[in-house]
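Participant: Fold the following.
(one chain, ligands or ions: 1)
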Amino acid sequence: MAVIVGWIAESVQEILQISGLTLQSFLVFCTAFIVACFLLKPRRNLPPYPAGRVPVLGHLLALGRAPHLKLTAWRRQYGDVFTVRMGMEDVVVLNGYAAVKDALVDRSELFASRPPNYLADAMVGFGKDIAFARWGTEFRQRKRFATAVLKNLGMKGGTGSIEEKIREEASCLRNRIAEYNGNPSDIAHDIRVAAANVICSMVMGKRYDYRDETFRELSEAVEMAQFESGAGQIISVFPFLRFVPVVNRAGINALQEAFKIQNVLKGEISRHRENLDRENPRDFLDFCLLEVEKQEKVEGLTEVHVVYMAEDLFFAGLSTTTDTLRWSLLYMTLNPNIQNKVQQELDAVVGESLPTLSHRSQLPYVNACLLEVMRIRPVVPLTIQHAPTETLKVREYDIPKGTQVLPNLYSLHMDPAYWPDPDRFDPGRFLDAEGNVVNNPDSFMPFSGGRRVCLGEQLARMELFLFFSTLLQSFTFRTPEDAPRPTTDGVFGITLPPHPFKLCAIPR
Ligand code: HEM
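Facilitator: Next comes the predicted model:
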């Protein structure tokens, strides 16, 4: 302390000597400067800040390891709309159905952009993808095109259709789980491999053998890129830290893993180009390559964009589906009676054959179970940050263009006004008096909504249904006898998976 005071005194003396000012005039000058800075600083009418803000870090410490829980708790104290300070940035948080729907659905276009995020932007070519691209014509054309391609691939019936590929994968997953012979096992990796293969089938038209070198490299790179980019977010919060060795390590690792994925995709694009059948596009890459040639729907689409768009499908589609399926099995082990009801319905409707999408409408309880899983544990609880495309009002507050906006989906799903006793797992919430499924109730948005709604919603719903019903038809899931009851707390990161847990899959 004494050293610092001495250093300040010496520096002031030096300034006085150089400038020829007296100490009094120097103090007057400093005071005037501070007052001017304060007065000239634009007055902002942002929503209120919760307590717990500290210099430099803002609310980062107060938010802790489970920000979705903290933000939901703050809603009770500070209302639906408040501002948190993340390092140097103000982030406006929207809580509850009314505020989130107003922004994402009723004023969808106004909230449809993304704020800068150094690490995420660097991983997807600074705006050349879909998920992190800023609002504008290029984004709109790319998303519309990708949505149409997924729909086209999803609707294709018969052999080679997406449904066939998911069923094939579900059957492989079932066989792998059967190999554990009912012994305690963590099947997270098996589920992840199956979900990765669905995306490979859709994007590149082929599934891989689980031991294939390229497949291992690809799925490990996706997992590592997401893991490292969670820790690497520090360089997005404080962009100058990307130049500081050691601190920037996670961010650099995330970028290296993203390069690996891009290299696999570039190799696949070359192979697709060599044997492209222009009359019969087989998969996502074929459709994109045709569009690169024709430029009918997406102006200026290049193979570089295609790499980043395909990369998005792996980033956005793999952990989300894997985590949701893991939650579904965890809640089954914790609720044997509910599991039993699911199996009874499957036995009555599907019997011994492998479930198909045509069974979906006859299985209301199975569907209700999956909806309840997505309500109680939404795996993207805070969406991807949004940003207003122009300065606008939320309630009585002014939100400047480009401000980070976080819609807290978790707060919607845990709102006791819509979901009494929200921590209780109860599929009955999604059934009406006649036992029919209520698919889109109020205060339920696991795939978000509006212009930035999840691109893979339909695919994800197909996967969840086919995987879940195939597994529940084949096994009864139990917590190992000597193991403690698994926690239902999630691990907040890029997505919200459960903590690792073991289960016994008892063949039926
Ligand atoms: C259970 C599974 C899934 C859930 C719960 C989920 C949920 C979400 C959510 C909440 C968002 C953020 C929307 C926003 O920012 O407001 C999102 C975005 C996105 N998702 Fe999903 N997702 C799932 C599966 C998938 C799959 C399988 C794919 C594709 C293969 C996919 C592709 C995307 C893309 C590309 C975006 C960015 C959309 C945009 O920026 O316009 N998702 N998803």
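Participant: Now for the residue nearest in space to the middle of the chain: which residues touch it?
Facilitator: Note on the chain: the residue nearest the mean C-alpha position is residue 380, at 4.2 Å, using Cα atoms, centre = their mean. Residue 380 is in contact with 320, 409, 446, 448, 454, 495-496, counting by Cβ atoms under 8 Å, 6 or more residues apart in numbering. In short, each C-beta sits where N, CA and C put it, glycine included.
Participant: closest point of the stretch 151-300 of the chain to the ligand, which residue?
Facilitator: Here the stretch 151-300 of the chain gets closest to the ligand at one residue, residue 199, 5.7 Å apart by Cβ to the nearest ligand atom.
Participant: in terms of contact, does that residue touch residue 313 like I think?
Facilitator: Yes. The criterion here is Cβ atoms under 8 Å, and residue 199 meets it with residue 313 at 5.7 Å.
Participant: more neighbours, those two?
Facilitator: Between residue 199 and residue 313, residue 199 has the larger neighbour count (other Cβ atoms under 10 Å), namely 25 against 22.
Participant: does residue 407 belong to a helix or a strand, and which?
Facilitator: Per DSSP states H and E: residue 407 is located in strand 404-408.
Participant: and after that strand, which helix or strand comes next?
Facilitator: Going down the chain from strand 404-408, the next helix or strand is helix 409-413, by DSSP H and E.
Participant: just checking, what packs against that following helix?
Facilitator: helix 67-78, helix 96-101 (3 or more Cβ pairs under 8 Å, 6 or more residues apart in numbering; DSSP states H and E).
Participant: Now the next helix or strand after that helix: buried residues?
Facilitator: Downstream of helix 409-413, the next assigned helix or strand under DSSP H and E is helix 457-474. Going by neighbour count (16 or more other Cβ atoms under 10 Å), the buried part of helix 457-474 is 458-474.
Participant: ok, now stretch 172-180?
Facilitator: 172-174, 176-177, 180.
Participant: what's near enough to touch the residue in the stretch 401-508 of the chain that the ligand sits nearest to?
Facilitator: Here the residue of the stretch 401-508 of the chain nearest the ligand is residue 456; by Cβ to the nearest ligand atom that distance is 2.1 Å. The contact partners of residue 456, by Cβ under 8 Å, 6+ apart, come to 150, 313, 316-317, 320.
Participant: With distance to residue 165 as added columns, please give those residues in CSV.
Facilitator: Shown next, in CSV, are the contacts of residue 456 (distance: Cβ to Cβ, whole Å):
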residue, distance to residue 165
150, 13
313, 14
316, 18
317, 14
320, 18
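Participant: From those residues, list just the buried residues.
Facilitator: By neighbour count, with 16+ other Cβ under 10 Å, the contacts of residue 456 hold 150, 313, 316-317, 320 as buried.
Participant: The helix or strand hosting residue 138 - contacts with which helices or strands?
Facilitator: Using DSSP H and E, the element containing residue 138 is helix 137-155. The contact analysis (3+ Cβ pairs under 8 Å, 6+ apart) places helix 137-155 against helix 162-178, helix 284-294, helix 303-334, helix 457-474.
Participant: Dump the ones you listed to a markdown table, plus mean pLDDT and distance to residue 258.
Facilitator: Compiled in a markdown table, the helices and strands packed on helix 137-155 are given as follows (pLDDT from 0 to 100; distance: least, Cβ to Cβ, whole Å):
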| stretch | mean pLDDT | distance to residue 258 |
| --- | --- | --- |
| helix 162-178 | 94 | 25 |
| helix 284-294 | 96 | 18 |
| helix 303-334 | 96 | 7 |
| helix 457-474 | 97 | 22 |
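Participant: Now distance to residue 505 too, for these, in JSON lines please.
Facilitator: As requested, the helices and strands packed on helix 137-155 are exported to JSON lines (distance: least, Cβ to Cβ, whole Å):
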{"stretch": "helix 162-178", "distance to residue 505": "5"}
{"stretch": "helix 284-294", "distance to residue 505": "32"}
{"stretch": "helix 303-334", "distance to residue 505": "9"}
{"stretch": "helix 457-474", "distance to residue 505": "8"}
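Participant: Pretty sure residue 117 sits against residue 132.
Facilitator: Yes. The pair residue 117 / residue 132 is scored as a contact, 6.7 Å apart, by Cβ under 8 Å.
Participant: The two: which is more packed in?
Facilitator: Neighbour count, other Cβ under 10 Å: between residue 117 and residue 132, residue 132 has more, with 24 against 20.
Participant: sec struct for that one, please.
Facilitator: coil (DSSP: H, G, I helix; E, B strand; the rest coil).
Participant: Run through the residues that contact it.
Facilitator: For residue 132, the contact set (Cβ under 8 Å, 6+ apart) comprises 114, 117, 120-121, 124, 384.
Participant: For residue 340, see how far away the nearest residue to residue 100 once chain neighbours are set aside is.
Facilitator: Nearest non-adjacent residue to residue 100, counting by Cβ to Cβ, 6 or more residues apart in numbering: residue 407, 4.6 Å away. From residue 407 over to residue 340 the distance is 36 Å, taken as Cβ to Cβ, to the nearest Å.
Participant: Please say which of those two ends up with more neighbours.
Facilitator: Per other Cβ under 10 Å, whichever of residue 407 and residue 340 has more neighbours is residue 407, with 28 against 12.
Participant: Wasn't the residue of the stretch 151-300 of the chain closest to the ligand part of a helix?
Facilitator: Yes. Under three-state DSSP, residue 199 sits within a helix.
Participant: Can you find the helix or strand in this structure with the smallest mean pLDDT?
Facilitator: Within the chain, confidence by mean pLDDT, DSSP states H and E is lowest for helix 23-40 among all helices and strands, at a mean of 50.
Participant: re the thing from before, please name the residues that touch the residue lying closest to the residue of the stretch 151-300 of the chain closest to the ligand once chain neighbours are set aside.
Facilitator: Of all residues not flanking residue 199 in the chain, residue 317 sits nearest, at 5.2 Å (Cβ to Cβ, 6+ apart). Residues in contact with residue 317 (Cβ under 8 Å, 6+ apart) are 195, 199, 456, 459-460.
Participant: ok, the residue nearest to residue 153 when sequence neighbours are not counted to residue 121 distance?
Facilitator: The shortest distance from residue 153 to any non-neighbouring residue, by Cβ to Cβ, 6+ apart, is to residue 162 (5.4 Å). Distance, residue 162 to residue 121, by Cβ to Cβ: 30 Å.
Participant: what about those two, which has more around it?
Facilitator: Of the pair residue 162 and residue 121, residue 162 is the one with more neighbours under other Cβ under 10 Å, namely 23 against 19.
Participant: three-state assignment of residue 506?
Facilitator: strand.
Participant: List the beta-bridge partners for it.
Facilitator: Residue 506 has these beta-bridge partners by DSSP bridges: residue 476.
Participant: returning to that earlier point: residues touching the residue nearest to residue 153, list them.
Facilitator: Per Cβ under 8 Å, 6+ apart, neighbours of residue 162: 153-154, 156, 198, 201-202, 459, 462.
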